[in-house]
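Participant: Here is my input, please return the structure:
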Amino acid sequence: MNMDVINNTSVKEVVLIRHGKPLSAHNDKVNSAQYAQWVRNYDKSILDPTSHPKQKTHIDDSYIVVSPLLRAKLSAAYYGATQIDEELPHLKEMDIPYYKLPFTLRSWHWVVLSRALWFIGFKGRFESFKAAKQRVNLVSERIEKLCEKHERIVLFGHGMTNYYTRKSLIKNGWQLKQKDGDFWGITILHKPLP
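Facilitator: Below is the predicted model of the structure:
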C-alpha cells in the first residue's frame with residue numbers, strides 16, 4: 001500500500017475499530033435462559049485483560065467517535081484516547097437476539113443460531129434486523145457529515161455494526177483498504193475528494 005496516498009490530505013479516511021474481547025465472552029454450554037443472561041452480561045462486560053490487538057493504528061489528529069456500550073469506551077481508553085469527540089448512540093451493536101428454545105448449546109453457537117433466525121425475521125424483545133440496518137445507515141450518514149470538517153475519523157464500535165457501516169460506505173463510493181472484523185479488528189476506508 002502506498003503510504004503517500006494515505007497521508008494525502010485530498011483523501012478522507014474512516015477507521016472502524018471493533019472493541020476488544022469482553023471478559024464475559026466465554027463459550028460454555030447453556031440453555032436458552034442462561035444464554036439470555038449471557039447476552040445481558042456481554043453488554044455490560046469489561047474487557048478481558050489477556051486480550052490485546054494484533055495490530056494498532058494511530059488515533060492522533062483524528063475525530064474520535066465511540067459507541068455508548070462499555071466495551072467500546074474501554075477499547076478507546078486502551079488506545080489512549082484522552083478525549084472522545086462524540087458518543088454516537090446509533091453506533092451501538094445490533095442487538096444480539098435470544099429466543100426461548102428447548103435445548104442446550106455453546107454460547108457462541110446460540111449467537112449464530114439466534115442471528116440466523118433474526119435475519120429471516122423472527123421477532124423478540126429486541127430491535128428487528130430491519131430496524132438495526134436502518135439505524136446503522138444513520139451511522140454512515142453521520143460519517144459523511146463529519147467528513148465535511150474532518151480528514152480522519154476513528155470509530156470504536158462493534159462487529160455487526162462495523163460490517164454494515166462498511167457496506168453502506170462502500171455503496172456511497174468509499175474504497176476498502178483494510179478489513180478485519182475480529183475483536184480489536186481494524187477496517188479502513190478511503191474516499192478521494194472531488
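
Participant: Look up the closest residue to the most far-flung residue of the chain relative to its centre, ignoring the ones flanking it.
Facilitator: Going by Cα atoms, centre = their mean, the residue of the chain most distant from its centre is Pro102, 30.6 Å out. Excluding its sequence neighbours, the residue lying closest to Pro102 (Cβ to Cβ, 6 or more residues apart in numbering) is Ser32, at 7.6 Å. All C-beta atoms are positioned from the backbone trio N, CA, C, and that covers glycine.

Participant: What ranges does the chain have for its strands?
Facilitator: For the chain, applying DSSP state E gives strands covering 11-18, 29-30, 63-66, 86-87, 105-106, 152-157, 175-178, 186-192.

Participant: next one: the first one to chain centre, how far?
Facilitator: With Cα atoms, centre = their mean, to the nearest Å as the basis, the distance from the averaged C-alpha position of strand 11-18 to the chain average is 12 Å.

Participant: what angle separates it from strand 152-157?
Facilitator: On the basis of axes from the mean of the first three to the mean of the last three Cα atoms, to 10 degrees, strand 11-18 is oriented at 20 degrees to strand 152-157.

Participant: Could you list the residues in contact with strand 11-18?
Facilitator: Around strand 11-18, the neighbours that count as contacts under Cβ atoms under 8 Å, 6 or more residues apart in numbering are 5-6, 57, 62, 75, 79, 143, 147, 151-159, 162, 165-166, 169, 174, 180-193.

Participant: Note down every partner strand of it and its orientation.
Facilitator: Using DSSP bridges, strand 11-18 pairs in its sheet with strand 152-157 (parallel), strand 186-192 (antiparallel).

Participant: For Ala36, find the nearest of those strands.
Facilitator: Distances from Ala36 to each of those were compared using Cβ to Cβ; the minimum, 23.4 Å, belongs to strand 152-157.

Participant: which helix of the chain spans the most residues?
Facilitator: As far as residue count goes, and with DSSP state H defining each element, the longest helix of the chain is helix 129-146.

Participant: For that one, buried residues please.
Facilitator: With burial defined by 16 or more other Cβ atoms under 10 Å, the residues of helix 129-146 counted as buried are Phe129, Ala132, Arg135, Val136, Asn137, Val139, Ser140, Arg142, Ile143, Glu144, Leu146.

Participant: In this model Tyr63 seems to touch the last one, though I could be wrong.
Facilitator: Yes. Counting by Cβ atoms under 8 Å, Tyr63 is a contact partner of Leu146 at 6.0 Å.

Participant: Quick check: closest non-adjacent residue to Gln83.
Facilitator: Ile64 (7.0 Å).

Participant: check contacts around the one you found.
Facilitator: The contact partners of Ile64, taken as Cβ under 8 Å, 6+ apart, are Ala76, Ala81, Gln83, Ile84, Asp85, Glu86, Val154, Phe156.

Participant: Could you do Val112 as well?
Facilitator: Not one residue lies near Val112 by Cβ under 8 Å, 6+ apart.
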